[in-house]
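Participant: coordinates only, sequence not included:
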C-alpha cells in the first residue's frame, strides 16, 4: 500500500506537511510501510483483529442486546508525537492537573476563588457534580484527581487544545497498553530505528500512587479496584488493570462496611481494605449517601471515607471541576492558583447561561458543537455542520429550557492521521487522551489513547459512536530517527 | 500453604466463579466425550439394533427436559440438545458460555493464557451449529475435548497452585466423579441387554464403550486385562490411580479442600471437609462385591446425593458470607 495518492485535503495531517512531503518524524515509518509487499499490511490488520478477539479485548455496547461484545476498531498506522511536542503537552498537563486539584480543594474548603470573584459562585453551586458531603474533607496530599484522562485536539493551525478534562472515572488506558502490545506482536519491524518511549510502566505507577494514599500506614496496604461488573462497557479495562497491578477486582457486593472500616468477603472471612480505586460514578458509589436505588455501590462507604477509614481514588466530588461549564474557567484557575498563563489553551467556549453567549449559540447552531454540561461518551451532543434542521430545532428547545446545562464550541477541524480504509489510506480525524497520575507527585504516561473517527468526515471519536484507536508513539528526546 | 508471606485472600465471589468455571469446562468435556463414544458404538452395533441415543441424554440427568422439548431421541435431536441447545443448561454450548462468563468475571485472578483458551473455545462454539458438524462429529468431539484438556493443562502450568487453583481442582474433581457415576449408572440400567446377551461380543462392545467414554479402556487393560463387568465397576469406582475413577477424584477433591483450609489431612475444620472425608474414607475401604450385592443403582444414587451435599456445604463454608461485617466475626 502506497501513500502516493494520499490527500490531506487541507486538514492538519500528523504525518504530512501541507505540501505533501512527509513530516521529518514520520519519514522512516512511511518508508517501512511502503516497503511492505503487496497485501502484507492487510494481513497484519487481520492478524491484529484476530488477536484482539482472541484476547477478548472487547467492549459492550449500551443499548445493544445484553452482553454483545465488539472489538474496539484498531488501525495499524500509529500516531506519532515528536519529543518537543510531548514536552510541551507534559508540562501543560502537569500545570493543569495541579491547578484543578487546588481548585477542588479550595471549593470544598474556603472557596477563596469564589470570594475573590474569579468564578461566579452560582456556577459552582449549581453544578450537578458539586457534592455537599465533601465539604471540609482532606484527602491525602490534598489530591482529588488521582487519575485524569485529558482530551487534547489539534486544530487546523496545528496547535494542541484541551477539549475536556475527564476527572471522574476516565477510561481507555488499557487500550494504550494493549495497542502497543499488539503492534509489537504483529508488526515489530515498524519500531526499527525509532526510539518509541515505552508505556508499560503505567500499572506500576498506578499501584504506587494508590498505595501512597492509604490512610493506615503499614507495609502492604490493601488496594482493590471496584468495578460495576462484567456488563459495564469498561469491564475489560477494570479486570486488566487489576490483573496488571496484582490487586483484587471487587464488586459492590464483595464489600461491607462497619464502624472499623471497609472489608471484603473472602473465603477466610472478612479482610480490611485500605484503598479503593473505584471505577463507579459518585452517584452509584453508596446508596446511603447518593442515589438510593444504586445496586452497584456499598452502603456506608462514604461514611467510612469521611471518617478516614478508607481512601477513594478518584476522590468523590471531584466532578465539580469536570463540568463543561466550569471547564471554561480552567484558564482562570491556572492564573489564579499557579500564577502563570496556561501552557495548553482551552477551546473557546460559549456558556449558554450567559444571555449574550446563548443568543450567539442559538443563531449559529449550524456551525457550532453543542455539548451537555454533564454527559460524556459523545452522548447528548450536536455537531452543527453534520446535523439536520430538525436536530438543531430540537437542541435549541433544550438549550432554552435549561441553559445552564449547555455549552458550545466552534467546530474544530481536528487533525488527521492516515488510516487503512479498504485497500488504501485515507485521512481520519483523531484526538489524544493522555493519562495523568497524581499522588505525591504528578506522572504523565508517555503516550495516550489516540481515538480515531473511523467514519469518513466524522469528528466524533468516541468508541460508543463507532470510533477506533491507534497506537500512540511518543518519540525519545534524541528526536527519534537515528 | 507453606510459610513465608501470606498470599492474597480470595474473594468468596471469585472462589465461587473459579469453582464453577472449572465444573462447566469438565462438564462440557464429558458431554463431548460421551457423544463421541456413542457415535462409534453405534457403528459397531449388529444390524437390527436401532441407534441408541436416549441413554446419553440420561447421563446428563436431563431426560425430563429433553422429552419436554423434543419429540424423539433421534441422533439429530440428541446431538442438537446435548451440543448446541442454548436452552439446555448442560449442553456443550451452554457450559462453554457459562464457563467463559465465570472466567470473565475473574479475569484478574486467572492467567491471561487461561482466559484466552476459554475464549477461543467460546469463539469456536459460537461459529458452529449441528448442520456444520454433522458429517465430522468425531472431529468436533475431539476438538472440544482437546480444548478442555488444553485449558486444564494451561491452568496447571500458568496459575499458582494456591487457593484459586485448589477451588478449580475441587470443582473439576467433583464434576468428574459425578459424571463417572452417571455413565456407569446408565450402562447398568438402561443399556443392560437381556440376560442372554451378557458375556456376548455385543455386551463386551458396550462395556468397552463405557470404558472409552471415560478414556479408561487402555488403563483398564493394563490394570485388569479381560473385560469383566465387576472389574470395570471396580476400576471406575474404586481405583486409586485412574484419574476418572470416583475414588481418585474424591481423594483429590478432599486434598484440595484441605489445601484451602490448611487443616491437616484426615481432620476437618468445616462441614464440607467432614462430608468429603467421610465419603472419601468409605470409598478407600469399600469392596466392589458388596457394593454390587447391595445394589449398584442405589449406590450411585447415594454417591450423587452425597456429592451434592458436599457441593452445598462448600457453598455455605466458602461462598456465602454474612452481609454485615459486625455479624461475622469480632
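Facilitator: Looks like it arrived, so ask away. The model shown is predicted, which means the values in this text are computed figures rather than measured ones.
Participant: Quick one: the helices in chain A, in order.
Facilitator: With DSSP state H as the criterion, chain A has helices at A:27-35, A:40-54, A:83-107, A:112-115, A:121-125, A:173-186, A:202-212, A:235-245, A:282-285, A:301-306, A:324-327, A:330-333, A:355-363, A:389-401.
Participant: do you know which of those helices lies nearest chain B?
Facilitator: If you check each of these against chain B by Cβ to the nearest Cβ, helix A:235-245 wins as the nearest, at 3.7 Å. For the C-beta atoms, the positions are set from N, CA and C on the backbone; glycine is no exception.
Participant: Report the angle between that closest one and helix A:202-212.
Facilitator: 80 degrees (axes from the mean of the first three to the mean of the last three Cα atoms, to 10 degrees).
Participant: Can you give me the neighbour number for the residue nearest to residue A:167 when sequence neighbours are not counted?
Facilitator: Leaving aside its sequence neighbours, residue A:167 sits nearest to residue A:322 (Cβ to Cβ, 6 or more residues apart in numbering or on different chains; 4.1 Å). As a burial measure, residue A:322 scores 24 neighbours (other Cβ atoms under 10 Å in any protein chain shown).
Participant: how far away is residue A:322 from residue A:130?
Facilitator: Using Cβ to Cβ, to the nearest Å, one obtains 11 Å as the distance from residue A:322 to residue A:130.
Participant: Same question for residue A:283.
Facilitator: 13 Å.
Participant: farthest residue from the center of chain A?
Facilitator: In chain A, the residue that sits farthest from the middle, by Cα atoms, centre = their mean, is residue A:268; the gap is 37.7 Å.
Participant: Name all residues that make contact with residue A:2.
Facilitator: By Cβ atoms under 8 Å, 6 or more residues apart in numbering or on different chains, the contact list for residue A:2 reads residue A:34.
Participant: wait, isn't residue A:448 in contact with residue A:434?
Facilitator: Yes: judged on Cβ atoms under 8 Å, residue A:448 makes contact with residue A:434 at a distance of 3.6 Å.
Participant: these two touch, right, the residue nearest to residue A:167 and residue A:170?
Facilitator: No: counting by Cβ under 8 Å, residue A:322 does not reach residue A:170; the two are 9.3 Å apart.
Participant: Helices along the stretch 51-200 of chain B, start to end?
Facilitator: For the stretch 51-200 of chain B, the helices defined by DSSP state H, counting those that start in this stretch cover B:54-59, B:63-69, B:75-79, B:92-104, B:112-126, B:130-133, B:137-158, B:163-189.
Participant: Nearest residue to residue A:171 in space, please, no chain neighbours.
Facilitator: Spatial nearest neighbour of residue A:171, chain neighbours left out: residue A:234 (4.3 Å); criterion: Cβ to Cβ, 6+ apart.
Participant: Next one: that neighbour from residue A:452, what distance?
Facilitator: Plainly put, residue A:234 is 19 Å away from residue A:452 if you go by Cβ to Cβ.
Participant: next one: residue A:229
Facilitator: Taken as Cβ to Cβ, the span from residue A:229 to residue A:452 is 29 Å.
Participant: So for these two, which residue has more residues nearby?
Facilitator: residue A:452 (23 against 15).
Participant: just for the chain, where's the confidence low?
Facilitator: Since no chain was named, I'll use chain A. A:59-68, A:375-378, A:478-482 (pLDDT under 70).
Participant: Oops, wrong one, chain B.
Facilitator: Looking at chain B by pLDDT under 70, you get B:1-7, B:46-50, B:188-202, B:321-330.
Participant: and with 80 instead?
Facilitator: By pLDDT under 80, the low-scoring segments of chain B are B:1-8, B:40-52, B:59-60, B:185-206, B:213, B:321-330.
Participant: quick one, domains of it?
Facilitator: Listed domain ranges for chain B are B:10-159, B:161-320 (source: automatic domain parsing).
Participant: Run a quick neighbour tally on residue A:179.
Facilitator: Neighbours of residue A:179 (other Cβ under 10 Å): 26.
Participant: got a list of what the residue nearest to it when sequence neighbours are not counted touches?
Facilitator: In this structure, residue A:179 finds its nearest non-sequential neighbour in residue A:471, 4.4 Å apart by Cβ to Cβ, 6+ apart. For residue A:471, the contact set (Cβ under 8 Å, 6+ apart) comprises A:78-79, A:179-180, A:182-183, A:450.
Participant: separation between residue A:471 and residue A:82?
Facilitator: For residue A:471, the distance to residue A:82 - Cβ to Cβ - is 16 Å.
Participant: Point out the residues in the stretch 1-150 of chain A that sit beside chain B.
Facilitator: A:53-56 (Cβ under 8 Å from any Cβ of the partner chain).
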